[in-house]
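Q: What follows is a protein structure lacking sequence information:
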């Protein structure tokens, strides 16, 4: 229970941090897999991320239903989370956002690839989910299980999937790392747009250094390194 | 009267929200059609939007005259609002702004079209009002009824009209939805500028998905979805 | 004396407003011509604009000397102001800044021209002062009378002169209008950079509409229009 | 001791100023050489710069070890600082950051050169450290002495070295000047990106004017000029 409470606190902070860093605006959502039951996940009720508090965090099952009988509106795109948790046992946290800088890569054939250390998790890049090519989708919204399954299939083993004209979904092993991935996916996209404007060949991250960086990047709480260091700053920013 | 007061409160908030989101600076204005008399509309006296309070909201007729005898300066471009209300019975709120990211599309022949879900209301795009091609206009300002009529004619059935070297005018069925349209028109323009810099073919929104998104996008107060969700956040931002 | 005090108050506010709008950073300065003696002007001592208060405003003569014997460091580029006041009797206020968005136009042959209404004062554009072509200059700094004279000669009858690799100088008939010109010169440059990235023909403001806009743009205090309206908002922003 | 305390205070302020100006985010670090022992330098423990306070400033030797026995985690890239102090006796302060606008120049062959006065210290430009070309490096991180030595060798007599896909390192004669260099390296890179988008020939700073500007740019405390002026503003911004 204490572990669950810690994660709920992290999830509330994650909502506010992602808003503070302009990864989410009034839309977007973040979840974590239940540490008790891997067929369940926790996510806020249908609120703007910047307004989420602990009592708004509700337990969902993998069909996107609330399991404790709350009478609250839920996010219509909760199937993004449910269907990824179903097929990716390594994933314990999911961020869906309208991350602005990834949009240009979602509506063109220009690939979003990593140019900065902090996105080594992106590895060979990010596939694009285009709802027009998905028979189950009647709009860009992932508001039914079948569309969620199609998104999860395109995500595959990657950690980021772009969504055409919509945004992206980023996954990771725990909340803090996933928040960091979502923020640096946005930062990398912003810097890549500027780099591409130079019209010169680009030296992207390569798989060998990605693997090396993934080893040093992961950090445990209290280590003062990596995500542990920056998370403390992100918390401080919320109260400044 | 209670309905009118609610709308006046929304209009005051709308002025501050549009300022907070950099859609208006010290210029620009927003109005709503009177719920009592469709030949009247309410709009602030000639103030910077960020300084508007409830007592500044004044009732205008469709000739742009104050109907209750107040001795206050009014916006010289109030004819934008009056002439649109005259010919578009479906419109109950109008935003005119110097929305910065639309300017490049207003002074070139590059069309502003939608690339993100949130601008499905834009449909096939946005026509451009070029005052130089309007015999009634002696400057880019829409400061006489005849120029307002010309603008309304170019707007036609669209929901956004760009104004060359000036900004845009955005219309909608009620205040909150129109504010959202004005904000996301700016966001979409900003992202389209970045996308165009890539020099690659672009997958714009298509009419079928626009229609589908328009169905899910509309939201009623208290629904926790769409504009209802994000409006609550925009209000919170004003007091942070 | 009351007129002088009003202008000193405006100058203090102008320093803070230009800082708030990122036209000046820790460098840059703004002055006004003495309403009593046209051979004198008032400007702050050598301080960052965001730190200027009324007691820092000092009277200078057109040789750049303090006339009241204060022992304060003065701006090394005060000759920009002195030499423009000497040859432009219509000018009563001068802003020198490192306005960031004008820099690209100062180091290339791409002309800075107006695309938005608010810069009708810019008229046919802005000449560039390139210190390398000025025999009196040994650096880009305008830190001697002879270099100030060269700058004033290149400014000529224009209202904006770009300074290569340095920034710009903007002039006007009174403080508030000149602040507005400096801010919208920056805004126009930012928007023109984005517009030029589209690679399409651009419809610039034309001389006829500039003249027309100049007539409506000027506004007297208390009019609620033009600079009078926006100045009140800029003051409010300083105390938010 | 008083001189040391003054520098510690400056270093704490420097951490917060660089964060405020978006040169560092949660990562990055700044140091100064001990005024007592040139084989020692002072730098914060492994914290986000925006969270550093005076008790966190620790004395390191040139092998990157803490000399006073504190049990604190230190920055894994402290060898950047140590190895530069070892070979550059003129350098008394070092900033390493993920300065965003320099990234495009670090992953392409487009050189970062100065276009604004404030970066006259950059002189003929900035070399690029590419970890892939450095046998001692197994990742872009400078987390061992041998990689620090390789970085210092590429820096050579320059004052800025870019780090491919990572950021830059900026050096200077004292803390305040080095902070200014780091901030204006970022500003210059941002403006150069915009300038390059124009596709026109660019007039860069030339060596003669760089030398001239270096003479006037240096300023002593209390002079009200150059870094002394802007540092006071940067301090004020921290408490606003």
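A: Everything's here; your move. Because the structure is predicted, anything quoted here is derived from the model rather than measured.
Q: switch to C-alpha atoms for all contacts and neighbour counts from now on
A: Noted.
Q: What distance do you get for the nearest residue to residue A:164 once chain neighbours are set aside to residue B:184?
A: Ranked by C-alpha to C-alpha, 6 or more residues apart in numbering or on different chains and with sequence neighbours excluded, the top spatial neighbour of residue A:164 is residue A:106, at 4.5 Å. Between residue A:106 and residue B:184 the computed distance is 18 Å (C-alpha to C-alpha, to the nearest Å).
Q: more neighbours, the two?
A: residue A:106 (29 against 19; other C-alpha atoms under 10 Å in any protein chain shown).
Q: List the residues that contact the more buried one.
A: By C-alpha atoms under 8 Å, 6 or more residues apart in numbering or on different chains, the residues touching residue A:106 are A:128, A:162, A:163, A:164, A:165, A:166, A:167.
Q: same check, this time on residue A:229
A: Residue A:229 touches A:223, D:26, D:46, D:47, D:48, counting by C-alpha under 8 Å, 6+ apart.
Q: Which single one of these is nearest to chain C?
A: The nearest member of the contacts of residue A:229 to chain C, counting by C-alpha to the nearest C-alpha, is residue D:26 at 23.9 Å.
Q: doesn't residue D:50 make contact with the closest one?
A: Yes - checked against C-alpha atoms under 8 Å, the pair residue D:26 and residue D:50 is within contact range at 7.3 Å.
Q: Name the residues contacting each of those two.
A: residue A:233.
Q: Of the contacts of residue A:106, which is the nearest to chain B?
A: For these, the nearest to chain B is residue A:165 (4.4 Å; C-alpha to the nearest C-alpha).
Q: Show me what from chain A comes close to chain D.
A: When proximity is defined by C-alpha under 8 Å from any C-alpha of the partner chain, chain A lies next to chain D at A:115-117, A:191-192, A:194-195, A:197-198, A:200-205, A:209, A:212-213, A:223-225, A:229-230, A:232-233.
Q: Among those residues, name the buried ones.
A: By neighbour count, with 16 or more other C-alpha atoms under 10 Å in any protein chain shown, the residues of chain A next to chain D hold A:115-117, A:191-192, A:194-195, A:197-198, A:202-205, A:209, A:213, A:224-225, A:229-230, A:233 as buried.
Q: among these, which are in helices?
A: Those of these mapping onto helices are A:191, A:192, A:194, A:195, A:209, A:213, A:229, A:230, A:233, per DSSP state H.
Q: Flag the least confident of those.
A: Lowest pLDDT within these is found at residue A:213 (82).
Q: Let me see the contact set for that residue.
A: Applying C-alpha under 8 Å, 6+ apart, we find residue A:213 in contact with A:117, A:120, D:139.
Q: Same check on residue A:123?
A: A:113, A:114, A:158, A:206, A:207, A:210.
Q: From these, list the buried ones, please.
A: Buried members of the contacts of residue A:123, scored by 16+ other C-alpha under 10 Å, are A:113, A:114, A:158, A:210.
Q: What residue, apart from its backbone neighbours, is nearest the first one spatially?
A: In this case it means residue A:113. residue A:125 is the one closest to residue A:113 (C-alpha to C-alpha, 6+ apart), at 4.7 Å.
Q: Could you measure from the residue positioned nearest the centre of chain A over to chain B?
A: Nearest residue to the geometric centre of chain A (C-alpha atoms, centre = their mean): residue A:95, 2.5 Å. In this structure, residue A:95 and chain B are 18 Å apart, going by C-alpha to the nearest C-alpha, to the nearest Å.
Q: Now do the same contact list for residue A:19.
A: A:25, A:49, A:50.
Q: ok, so of those residues, who is nearest residue A:80?
A: Using C-alpha to C-alpha, residue A:49 comes nearest to residue A:80 of those, at 16.4 Å.
Q: Skipping adjacent residues, who's closest to the closest one in space?
A: Per C-alpha to C-alpha, 6+ apart, closest to residue A:49 is residue A:15, 4.9 Å.
Q: doesn't residue A:53 make contact with the one you found?
A: No - look at residue A:15 against residue A:53 with C-alpha under 8 Å: they stay out of range, at 9.1 Å.
Q: picking that back up, which pair of the contacts of residue A:123 spans the longest distance?
A: Largest pairwise distance in those, by C-alpha to C-alpha, is 15.3 Å, between A:158 and A:206.
Q: gap between the residue of chain A most remote from its centre and residue A:101?
A: For chain A, the largest distance from the centre (C-alpha atoms, centre = their mean) belongs to residue A:200, which lies 30.5 Å off. Distance check for residue A:200 against residue A:101: by C-alpha to C-alpha, it reads 20 Å.
Q: And residue A:107, by the same measure?
A: Residue A:107 is 12 Å from residue A:101, by C-alpha to C-alpha.
Q: Next: residue A:25.
A: Noted for residue A:25: a distance of 13 Å to residue A:101, by C-alpha to C-alpha.
Q: Going by distance to residue C:179, which of the contacts of residue A:213 wins?
A: residue A:117 (42.7 Å).
Q: Is the closest one in contact with residue D:165, as I believe?
A: Yes - contact criterion C-alpha under 8 Å: residue A:117 and residue D:165 qualify, at 6.2 Å.
Q: between these two, what contacts are shared?
A: A:205, D:140.
Q: Stretch A:46-60: end-to-end distance?
A: Termini of stretch A:46-60 sit 13 Å apart (C-alpha to C-alpha).
Q: Report the distance from that stretch to the chain centre.
A: On the basis of C-alpha atoms, centre = their mean, to the nearest Å, stretch A:46-60 sits 16 Å off its chain's mean C-alpha point.
Q: So which residues make contact with it?
A: A:8-9, A:12, A:15-16, A:18-19, A:24-29, A:40-45, A:66-68, A:72-75, B:224-225, B:229-230, B:232-233.
Q: Name the residues of that stretch that come out as buried.
A: A:46-53, A:56-60.
Q: Distance to residue B:153 for these - can I get that in JSON lines?
A: Formatted as JSON lines, the buried residues of stretch A:46-60 follow (distance: C-alpha to C-alpha, whole Å):
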{"residue": "A:46", "distance to residue B:153": "40"}
{"residue": "A:47", "distance to residue B:153": "39"}
{"residue": "A:48", "distance to residue B:153": "38"}
{"residue": "A:49", "distance to residue B:153": "40"}
{"residue": "A:50", "distance to residue B:153": "41"}
{"residue": "A:51", "distance to residue B:153": "41"}
{"residue": "A:52", "distance to residue B:153": "44"}
{"residue": "A:53", "distance to residue B:153": "48"}
{"residue": "A:56", "distance to residue B:153": "48"}
{"residue": "A:57", "distance to residue B:153": "49"}
{"residue": "A:58", "distance to residue B:153": "50"}
{"residue": "A:59", "distance to residue B:153": "52"}
{"residue": "A:60", "distance to residue B:153": "51"}
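Q: Same list, those residues, but as CSV with pLDDT and secondary structure please.
A: Output for the buried residues of stretch A:46-60, formatted as CSV (pLDDT from 0 to 100; DSSP: H, G, I helix; E, B strand; the rest coil):
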residue, pLDDT, secondary structure
A:46, 97, coil
A:47, 97, coil
A:48, 97, coil
A:49, 98, helix
A:50, 97, helix
A:51, 97, helix
A:52, 98, coil
A:53, 98, coil
A:56, 98, helix
A:57, 98, strand
A:58, 98, strand
A:59, 98, strand
A:60, 98, strand
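Q: Determine which two of these are furthest apart.
A: A:50 and A:60 (20.6 Å).
Q: doesn't the residue nearest to residue A:49 fall inside a helix?
A: Yes - assessed with DSSP: H, G, I helix; E, B strand; the rest coil, residue A:15 lies in a helix.
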